[in-house]
Every structure is written in C-alpha cells, then in structure tokens.
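Chemist: Coordinates for the following, if possible.
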Amino acid sequence: MNTLDFYSLPASERAYWLEEIRKSDWEAGKLLYKLIGNDELKKLCGEDTKVLLLTEGKALIAFCTYARQDEIDEPSMTPWTGFVYTFPEFRGKRRMGKLIEHTYALAKEEGFERMYISTGETGLYEKYGYSYLKQMKSIYGWDCRVYFKDIIRMDYGNVIGREVEGHVDRPLGSSHPRHPEMIYPLNYGYVDGVFAGDGAEQDVYLFGVEEPVKSFKGKVVGVIHRLNDCEDKWIVSVDGKVPEREEILKRTEFQEQYFMGELYL
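Modeler: Purely as a prediction, here's the structure:
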C-alpha cells in the first residue's frame, strides 16, 4: 500500500485518481470530487489542504483530506481530517487507519498538539484512538459529533540501546495462530521478564537473523509505538546492525498494517 498526496501528483495522474474518487458511493465523496474539479476545495479548507489517497497499484482503497478548516467553523480548532472514506471491498481491515496515521504524522511535524474530526458516526473513530469532544453545528446547519486526538511525543531513551534476551514463539515462516494466512517474514517473540501495556511480556520483531530461532540476545534499536493499541513493539537487532527505517516498516507491515503507529529509532 502507498499513500499519495493528490496535489503533488502530475496533472495526468491527478485526472485518473479524481475519477476514482468520483466512483465512491458516498454523497460527501461526490462533493469532494466536485470541489476538487472546480478548484474550490482549497478555498473552502485552506491553501495547505492535502487530499490523501491510500492506493495499491491502480486501486484506490481509501481517501481523506488534511486541512486547516473543515465543516466546523471554529478557528481555534485545527487541523482536521475530513472526507474520510474507504471503498466497500476494502472495509473491515482498518485501512483508513493508515491514512489517519499519515495525518497524525503531518500534524505532529507541523507542531500541533491536537487534531480533530467531525462525523455523524458513533463508535467508529474510537477504534483509531479518537475521543469524543462535543456536538457542534456544521457550516451546513446539521449536527456533528466532534472528536479529537492528542499528539503524543514519546521518549524511549531508556529503551533504545538496551541489551535484552528472550524467546521466539512465532518463528520466521510460521503462521499466526488465529490468522493462518498471516505468515511471519521474520522472527517474532518476547523479552523475558519485561511486561507491556497488555500485561503480557514485551513483544519484539527480530532483525539480523534470517532463519527460525527459539531464543535471542540482542539490542533494542527501535520502537513501534501503536497509536490505537495498548502495547508497543520493540525492534531488536541480534547482529548489532541498525536496519534502515524503510526496511523495518516494510518487514513489519504484514502485521502493523492493521494498526496505526509511528516508528522511533
């Protein structure tokens, strides 16, 4: 999966993806299509507005906007994730979480302490780590439920660099016990005697070994902080080398694609 910024694409590619947006079976999606096509979206939501597209090849999985303004006219509340939509065939796998993860990273990079979303849904955005704020009127006159998500800056100075040892309960090449279609492309285990937020021993992804193992000793070189879960995942190197960020993200995607998170190195 890839996340594309619509306005950063060449004109020919924008035309293709705009047509894909038009195919959504959602009235707000149709509205987004018209606003983009008529060059009105940035006038409404701000010149820095981004239209984010979650894609796989030429398939559009989901889309959303990231903007200073949204349908709630309250200047003190910014930025907003809006026009959130996942195509029916891709629902049920929390794909939208990857776009919200992206908007979270943008808001964090720009120095914001909180981000917002408005919706008519109840119980949906709580799955992505949002908290209900209050009911507010939109610029169109209808009632909206407004949610917020605080931007958190973690400090793993006491974790990264730590020497650890533990055991592997899901070796490279094995299947997930509840989802047999999920095959582990690396060794996955836990640190002996260290407990995570879920009450179980701390989970780790092992790098630097390309064969199934039963136990390990190594150094923590990174942490995947999950934004919508109670536990982190430690990245442990058993050969002393620090993998590149992109390698870590690629090799852990088989499982982390179902969660929102950020990698600390």
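Chemist: Helices along the stretch 101-250 of the chain, start to end?
Modeler: 245-256 (DSSP state H, counting those that start in this stretch).
Chemist: Now do the strands in it.
Modeler: Along the stretch 101-250 of the chain, counting by DSSP state E, counting those that start in this stretch, strands occupy 114-119, 131-137, 143-150, 163-170, 188-195, 201-207, 215-226, 233-237.
Chemist: residue contacts, the spatially closest residue to residue 255 that is not a sequence neighbour?
Modeler: Counting by CB to CB, 6 or more residues apart in numbering, residue 182 is the residue found nearest to residue 255 once chain neighbours are left out, at 6.9 Å. C-betas here are computed from N, CA, C, even on glycine. Shown in contact with residue 182 (CB atoms under 8 Å, 6 or more residues apart in numbering): 175, 176, 254, 255.
Chemist: follow-up on the earlier one: most packed of the strands of the stretch 101-250 of the chain?
Modeler: strand 233-237 (a mean of 23; mean count of other CB atoms under 10 Å).
Chemist: Against which helices or strands is it packed?
Modeler: strand 201-207, strand 215-226, helix 245-256 (3 or more CB pairs under 8 Å, 6 or more residues apart in numbering; DSSP states H and E).
Chemist: hmm, 6 Å instead?
Modeler: strand 201-207, strand 215-226 (3 or more CB pairs under 6 Å, 6 or more residues apart in numbering; DSSP states H and E).
Chemist: what's the pLDDT at residue 22?
Modeler: Per-residue pLDDT puts residue 22 at 95.
Chemist: Residue 51 now?
Modeler: 97.
Chemist: so who does it touch?
Modeler: 6, 65 (CB atoms under 6 Å, 6 or more residues apart in numbering).
Chemist: Secondary structure of it: a strand, I assume?
Modeler: Yes. Under DSSP: H, G, I helix; E, B strand; the rest coil, residue 51 falls within a strand.
Chemist: tell me which residues form a beta bridge with it?
Modeler: Under DSSP bridges, the beta-bridge partners of residue 51 are residue 65.
Chemist: ditto for residue 219
Modeler: What pairs with residue 219, by the bridge criterion (DSSP bridges), is residue 163, residue 237.
Chemist: hang on, the earlier thing: adding distance to residue 7 and mean pLDDT, write the strands of the stretch 101-250 of the chain out as TSV.
Modeler: Shown next, in TSV, are those (distance: least, CB to CB, whole Å; pLDDT from 0 to 100):
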stretch	distance to residue 7	mean pLDDT
strand 114-119	19	95
strand 131-137	28	95
strand 143-150	24	94
strand 163-170	41	95
strand 188-195	38	93
strand 201-207	35	95
strand 215-226	29	95
strand 233-237	33	97
